[in-house]
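Student: next input, structure requested:
(chains A and B)
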Amino acid sequence: MSDMTEGIVFEGVWKEFVRGELHDSLRDLVPALTRRLLGRGGRGRRKGAFWALSDVSFDVRPGETLGIIGPNGAGKSTILKLLTRILRPTHGHCAVHGRIGALIEIAAGFHPDLTGRENIFLQGAIMGMKRREIAARFDEIVAFSGMEDFIDTPVKRYSSGMNARLGFSIAAHMDPDVLLIDEVLAVGDYMFQDKAFARIHEMARSGRPVVVVSHQLDRIATLCNKALLLNRGRVLRAGTPEECIAAYVFDRPKAPVDDAVPVSLDSITLVSEDTIRSGEHVTFRIAGRLGTGAMPEDLEPVCVVVRALHNGQIVYASNSVYCGLDLGDAGPFTVEVALQLNLPPGGYAVETNTYSRKLDSVVGEGPSLYVTVVEGATFWGTAQLNAQMALVAPADPSPSGASRT
Amino acid sequence: MTAEPSPVPVARRSLLADAAEIGTDLWDYRDLLYQLTLRDIRIRYKQAVMGFGWAILMPVLIIGAGALVRYAMAYLGGGTFDRTDVAGITVKALPWAFFIGAINFGTTSLVSNANLVTKIYFPREVLPLSATIAQAFDTMVGALAVAIMLPLLGVRLTAELLWVPLLAVQLLLFTGAVALFLSVANLFFRDVKYLVQVVLTFGIFFTPVFFEPAMFGPAGAQLMMLNPLAPVLEGLRLAVVEGHNLLLPLTTTGGSGDTVVVWSPWYLAYTGLWSLGGLLGSALVFHRLEFVFAEYV
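Tutor: Got it, this is the predicted structure:
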């Protein structure tokens, strides 16, 4: 793989960081050097050192878009800093072939006292663009940002949204061989976000290798054709975006079960097939046990939550109280839940828990189940609204007819 | 759990390869060097009441202080103090003001641009170098003022003025070398900038700005000329004010009758060595440490 002359190669990369302060003044250096000279400092790991990345490997070839997801501190930004050569790996090999375009910290080089125009040239140069190149695309950059009226105003008078829009426009108009994107999918107002996303999509589809880091999982799902799930510097999963997002959302840490809650949920099973066509009815069985303690007011003992795995959002939640179910006396119970999955195709998690309305929080986590919804009904979007269409008689042409267009 | 890898020996790179890499990096990012220099100049003059007055304030203060000291020395020693002496101080005040300005801005250049250093890749050499070049621009403005002043101080136009560009290049290279080195030092040790301020404040007494090395006798003169800046400053004074050809040695007779070497052509080579060697050395140190900047800044 290392003989690849295109794209991005990341092979067995380890990166060590040191927690806390490094010795920062000459005054601190003298005792540190003395210790080292006397051989008491030791040549082992530095104090407070930890691995920000442990044995991470991947490659991105032309035409591939890699999405990196994971919780904060997983090492996503460290990977981007290694790719952009800001950091060097402690061990391993990292290579990027060609000019890097980074939609990262897109306004970092702005100087508040300079005008938008001056900052376009400055920021462009910092990103590695040539002056002639910036001059040639200047009008395009300004038009994309929509800031024609403020281009000769010092940037310190800009709102943060204007700042980010201008920064994005500059970065989006360079012509890189490799594109790196970090959390800039939420720039400006929603109209600009759509425009920016369309631009990124266009850049990604032009065949260059792309790496995207984002917490917007649905954007990752749309943009990427492969993904990496990281946690604490390790690769938990590498595969399709759907797989990684599912693993990320599905394996999230469970809230500890409160012993005082007199309900435990032990298992969930699917009665019907586990491949479900959109719009079909499915039945689950949830088995649990009711304790002998008094059932607190405002407790919803059996809750069912359906979560879309491509973005982690809850698409539906209900519970035994809403459904008017009485669990009866203390002892084991089995509840049958029927759901009509009026959902677009994709992966979903069916989660169970016990919820306290009084505490406004989940007080007991139950088991979850993974289901796949496949193409069934003909609709597009996030919910099945069962459109009905029929041909009716033409509208009454008389002027008194109350018709709206 | 993956086992921690054993340290891999890092391939040793040749100094020549490093030097070539610095060269190509800087060439690739020459537009950035230009833009950062422009930024430094623009923000210095934007919203500044004095505008270009800043460019001559420092040299004027140095000339004033120098004239005061030299007047007192002449009065006590029974010597003379005329406008040629003022011209000598004027010619040397400007490069000295350049040096301290460039070193001040250069030393803090990496730390004050920490947001760039930690977030965006570019050859970090451009930060101290653009600080140095921006200061050079200031000095050019000051040089215009000096060019107008010198005829009034009785300085005549000679062919020896042609030495000025060479001395200016030596000064620029040497200053760039010191700025590169100190910017790295200040990144790792934050108290370096205070140390630099103290050294620059008192440096004027160890550099022939107010004085001429010959005033310190044969040994004193040679000792003072060891300062890499001394040949530049004295060379400027001798070439511009005295109209001396720097390829020829110059001696004078001291107070106690002994011969004092005022100038030797070797001084040019001495400072040239400092400039080129210093620049190469500090650029290599800078380049070798560059990749950990983002972790320490």
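
Student: where does the stretch 151-297 of chain B dip in pLDDT?
Tutor: Counting by pLDDT under 70, not a single residue of the stretch 151-297 of chain B qualifies.

Student: how about the residues of it by chain A?
Tutor: B:Phe188, B:Phe189, B:Arg190, B:Asp191, B:Val192, B:Leu195, B:Phe291, B:Val292, B:Ala294, B:Glu295, B:Tyr296 (Cβ under 8 Å from any Cβ of the partner chain). Just so you know, the C-beta spots here come from the backbone N, C-alpha and C atoms, and that holds for glycine as well.

Student: B:Pro95 sits in which helix or strand?
Tutor: Per DSSP states H and E: B:Pro95 is located in helix B:83-112.

Student: repeat that for A:Met129.
Tutor: With DSSP H and E as the criterion, A:Met129 is inside neither a helix nor a strand.

Student: identify the residues contacting the residue nearest to it when sequence neighbours are not counted.
Tutor: Spatial nearest neighbour of A:Met129, chain neighbours left out: A:Met174 (5.3 Å); criterion: Cβ to Cβ, 6 or more residues apart in numbering or on different chains. Neighbouring residues of A:Met174 by Cβ atoms under 8 Å, 6 or more residues apart in numbering or on different chains: A:Gly101, A:Gly124, A:Met127, A:Gly128, A:Met129, A:Glu133.

Student: centroid residue for chain A?
Tutor: The residue lying closest to the centre of chain A (Cα atoms, centre = their mean) is A:His215, at 2.4 Å.

Student: wait, that one sits on A:Asp182?
Tutor: No: judged on Cβ atoms under 8 Å, A:His215 makes no contact with A:Asp182 at a distance of 10.6 Å.

Student: host element of A:Phe333?
Tutor: Assigned by DSSP H and E, A:Phe333 falls in strand A:331-340.

Student: buried set for that strand?
Tutor: Buried residues in strand A:331-340, counting neighbours by 16 or more other Cβ atoms under 10 Å in any protein chain shown, are found at A:Phe333, A:Val335, A:Val337, A:Leu339.

Student: how close does the last one get to A:Ala349?
Tutor: I take that to be A:Leu339. The gap separating A:Leu339 from A:Ala349 is 13 Å, by Cβ to Cβ, to the nearest Å.

Student: give me the common contacts of those two.
Tutor: A:Val306.

Student: can you tell me, leaving aside adjacent residues, what's nearest to B:Leu123?
Tutor: That one is not Leu; residue B:123 is Pro. B:Asp25 (4.0 Å).

Student: B:Leu129 is in contact with the one you found, correct?
Tutor: No: with contact defined as Cβ under 8 Å, B:Asp25 does not count as touching B:Leu129 (11.6 Å).

Student: neighbour-wise, which of those two wins?
Tutor: B:Leu129 (24 against 17; other Cβ atoms under 10 Å in any protein chain shown).

Student: immediately after the strand holding A:Phe333, which helix or strand?
Tutor: strand A:346-356.

Student: I'd like to know which elements that following strand is packed against.
Tutor: helix A:241-250, strand A:263-270, strand A:299-308, strand A:361-374 (3 or more Cβ pairs under 8 Å, 6 or more residues apart in numbering or on different chains; DSSP states H and E).

Student: before we move on, back to that, so how far is the helix holding B:Pro95 off the chain centroid?
Tutor: 7 Å (Cα atoms, centre = their mean, to the nearest Å).

Student: buried residues in it, which are they?
Tutor: B:85-111.

Student: so is that helix next to chain A?
Tutor: No: Helix B:83-112 lies out of reach of chain A by Cβ under 8 Å from any Cβ, never closer than 10.8 Å.

Student: could you give the number of residues near the closest residue to A:Gly48 other than its chain neighbours?
Tutor: Spatial nearest neighbour of A:Gly48, chain neighbours left out: A:Arg19 (3.9 Å); criterion: Cβ to Cβ, 6+ apart. Neighbours of A:Arg19 under the rule other Cβ under 10 Å: 9.

Student: equivalent analysis for B:Lys46, please.
Tutor: Neighbours of B:Lys46 under the rule other Cβ under 10 Å: 14.

Student: list the contacts of it.
Tutor: A:Asp113, A:Leu114.

Student: that one and A:Leu166, how far apart?
Tutor: When B:Lys46 is compared with A:Leu166 (using Cβ to Cβ), they lie 19 Å apart.

Student: over to A:Gly75?
Tutor: 30 Å.

Student: please apply the same query to A:Asp177.
Tutor: Distance from A:Asp177 to A:Leu166, by Cβ to Cβ: 24 Å.

Student: looking at those two, which is more packed in?
Tutor: A side-by-side neighbour count of A:Asp177 and A:Leu166, using other Cβ under 10 Å, places A:Leu166 first with 28 against 15.

Student: nearest residue to that one in space, please, no chain neighbours.
Tutor: Closest residue to A:Leu166 apart from its sequence neighbours, by Cβ to Cβ, 6+ apart: A:Ser145 at 4.8 Å.

Student: so that neighbour makes contact with A:Ser169?
Tutor: Yes: the pair A:Ser145 / A:Ser169 is scored as a contact, 3.8 Å apart, by Cβ under 8 Å.

Student: just to revisit the earlier point, tell me the contacts of the residue nearest to A:Gly48?
Tutor: A:Arg19 touches A:Gly48, A:Ala49, A:Phe50, counting by Cβ under 8 Å, 6+ apart.

Student: need the residues you listed in TSV (columns: pLDDT).
Tutor: Formatted as TSV, the contacts of A:Arg19 follow (pLDDT from 0 to 100):
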residue	pLDDT
A:Gly48	74
A:Ala49	83
A:Phe50	86
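
Student: now, which of those residues lie within strands?
Tutor: A:Ala49, A:Phe50 (DSSP state E).

Student: nearest to A:Thr240, of the contacts of A:Arg19?
Tutor: Set against A:Thr240, the nearest of those by Cβ to Cβ is A:Phe50 (30.4 Å).

Student: so what sits opposite the closest one in the bridge?
Tutor: Judged by DSSP bridges, the bridge partners of A:Phe50 are A:Phe17.

Student: ranges for the helices of the stretch 1-150 of chain B?
Tutor: Listed in chain order, the helices of the stretch 1-150 of chain B (DSSP state H, counting those that start in this stretch) span B:15-28, B:30-45, B:53-77, B:83-112, B:114-117, B:126-152.

Student: right, so those helices: which one is the most enclosed?
Tutor: Comparing those by mean neighbour count (mean count of other Cβ atoms under 10 Å in any protein chain shown), helix B:83-112 ranks first with a mean of 23.

Student: where's B:Leu144 relative to A:Asp182, distance?
Tutor: In this view, B:Leu144 and A:Asp182 are 47 Å apart by Cβ to Cβ.

Student: kindly report the same for A:Phe150.
Tutor: Counting by Cβ to Cβ - A:Phe150 and A:Asp182 are separated by 26 Å.

Student: more neighbours: which of these two?
Tutor: The neighbour comparison of A:Phe150 against A:Asp182 (other Cβ under 10 Å) goes to A:Asp182, with 22 against 19.
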